[in-house]
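Colleague: Build me a structure from this.
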Amino acid sequence: MKTNRRPENPSYESVTLEDKKRRWKRILIIDDDPDVTTTFKVGIEDVNNSNNGGDVGIEVYTANDPKTALSEFKLNFYDLLLIDINLPTMNGFELCEKILEIDINVRVCFMSSGEINREALREIYPAISLGCFIRKPVTIDYLINRIKSELD
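Modeller: Numbers count the residues shown, from 1 in each chain. Coordinates of the predicted model:
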């Protein structure tokens, strides 16, 4: 008869589900430029691995098409979204509105290489918080610091 026993590994025993939730954060980067998503993903993962041996940190997911990102979006899965404002087929704000209809608790940072008029955007998209904005180009260190501050 089989029993449902955990492996005989003390480190496994000491990690609870609550610990895992607190220790690992998931972010989704949505940008139509594959070079941007790849660079950000590799940079964040490199810093994760060098700082803590990969035991804790940030899991990075990417999407280059807003419609694909929306159709594959998972409720209560991501802690933070980094969304480029200028996307094909729908802009980042439209995508954000649709995602917030699915998961109202996910945090969002917008990214752009251009200037934005926050007041005008607040009138058009009143339900969206424009608190987190990342201007590209950006260094990986700045990006990680910004992500960490949003996740705290």
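Colleague: In the protein, what residue spans correspond to helices?
Modeller: Listed in chain order, the helices found in the chain under DSSP state H are 10-14, 17-23, 34-52, 66-71, 92-102, 118-124, 140-151.
Colleague: most centrally placed residue in the protein?
Modeller: The residue lying closest to the centre of the chain (CA atoms, centre = their mean) is Ile27, at 2.3 Å.
Colleague: Identify the residues contacting that one.
Modeller: In this structure, Ile27 makes contact with 44, 58-61, 78-82, 147, judged by CB atoms under 8 Å, 6 or more residues apart in numbering. All C-beta atoms are positioned from the backbone trio N, CA, C, and that covers glycine.
Colleague: Apply 6 Å and report the result again.
Modeller: If a contact means CB atoms under 6 Å, 6 or more residues apart in numbering, then Ile27 has 58, 60, 80 as its contacts.
Colleague: ok, now Val36?
Modeller: Applying CB under 6 Å, 6+ apart, no residues qualify as near Val36.
Colleague: Tell me, what's the model's pLDDT at it?
Modeller: At Val36, the model reports a pLDDT of 97.
Colleague: For Ile140, see how far away it is.
Modeller: Between Val36 and Ile140 the computed distance is 12 Å (CB to CB, to the nearest Å).
Colleague: now do Glu59
Modeller: Distance of Glu59 to Ile140, given as CB to CB: 16 Å.
Colleague: same thing with Pro66?
Modeller: With distances defined as CB to CB, the gap from Pro66 to Ile140 amounts to 24 Å.
Colleague: Compare these two and say which is more crowded by neighbours.
Modeller: Counted by other CB atoms under 10 Å, Pro66 and Ile140 do not tie: Pro66 has more neighbours, with 24 against 14.
Colleague: Settle this for me: the more buried one is touching Leu87, isn't it.
Modeller: Yes: under the criterion of CB atoms under 6 Å, Pro66 lies in contact with Leu87, with a separation of 4.6 Å.
Colleague: Stretch 101-119 - what's its average pLDDT?
Modeller: 86.
Colleague: before we move on, what about stretch 79-94?
Modeller: 94.
Colleague: Same question for stretch 47-58.
Modeller: Taken as a whole, stretch 47-58 has a mean pLDDT of 69.
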